[in-house]
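Asker: Need the 3D shape of this:
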Amino acid sequence: MSLTREELKSLGLEGDAIETVMTELGKEKTAAQDLQHKLDDANSDKEALSTQVKERDEKIASLGETAGASEKLKEQVSQLQNSIKEKDDAHASELAKNKLDSAVKLALVEANVHDPNDVISQIDLETVKLEDGKVKGLDEQIKSVKENKPYLFKEEQPSKPGIKPFKTGNASGGGAEVKSLNDLTLEEQNKLYKEDPDQWHTLAGQ
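Answerer: The predicted structure is shown next:
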């Protein structure tokens, strides 16, 4: 409460009494102002702290969302990598199978079968492998099929009249019998052409 000197005089106070009251009122006013300042400071600190807490909570929430997005992205990348690997493995397996099938069919054609597809069903492909371009584990199976089901193979044609046997290797023997120029190296073909042109032409027609 704030009183003026005139109001104090109207209450019957005079001189020193008025000054004493005014001094006490001034002290109370100052104390009240200090208290208000402290209260304002406290409210300001509270608001600042509240703002800091809010900002902290927002950052934590944001970090949580970022971490969640990062984990989700990692999971998606991992799934994509696994899918690509599965497709690559399947493609490599299919490619290897196609190469083996082609090599086996070529070997069956060279074995004079009527239809490679009819014979390939008689072959255990699990034991056949393609190594360095050569088919392993097939010859014995072809031989077995030929013995048990000869009708799947063409009859061997006798050599045409006038074709002389020709073997690779030295003159003392030991070489393989040649049925066409494809069985000879380029050097052997040149040698045969020089030594026996007729035989060379005969083999060239095979």
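
Asker: What's the first helix or strand after the helix or strand of the chain with the lowest mean pLDDT?
Answerer: Sorting the helices and strands of the chain by mean pLDDT, DSSP states H and E puts strand 166-167 at the bottom, at a mean of 58. Next along the chain after strand 166-167, taking DSSP states H and E as the criterion, comes strand 177-178.

Asker: same for that following strand, what does it pack against?
Answerer: Other elements packing on strand 177-178 under the criterion 3 or more Cβ pairs under 8 Å, 6 or more residues apart in numbering; DSSP states H and E are strand 166-167. All C-beta atoms are positioned from the backbone trio N, CA, C, and that covers glycine.

Asker: How far does the lengthiest helix in the chain sit from its chain's centre?
Answerer: Counting by DSSP state H, the longest helix found in the chain is helix 15-110. Chain-centre distance of helix 15-110: 31 Å, with Cα atoms, centre = their mean, to the nearest Å.

Asker: Let's test this: mean pLDDT of that helix, rounded?
Answerer: The average pLDDT for helix 15-110 rounds to 78.

Asker: I'd like the numbering to begin with 587 instead of 1 from here.
Answerer: Got it, first residue is 587 now, which makes that one helix 601-696.

Asker: mind listing what's buried in the helix or strand just after that helix?
Answerer: Next in sequence after helix 601-696, counting helices and strands by DSSP H and E, comes helix 702-706. Of the residues in helix 702-706, 702, 705, 706 count as buried by neighbour count, 16 or more other Cβ atoms under 10 Å.

Asker: what does helix 702-706 rub up against?
Answerer: For helix 702-706, the external contacting residues (Cβ atoms under 8 Å, 6 or more residues apart in numbering) are 687, 690, 691, 694, 695, 699, 728, 731, 738.
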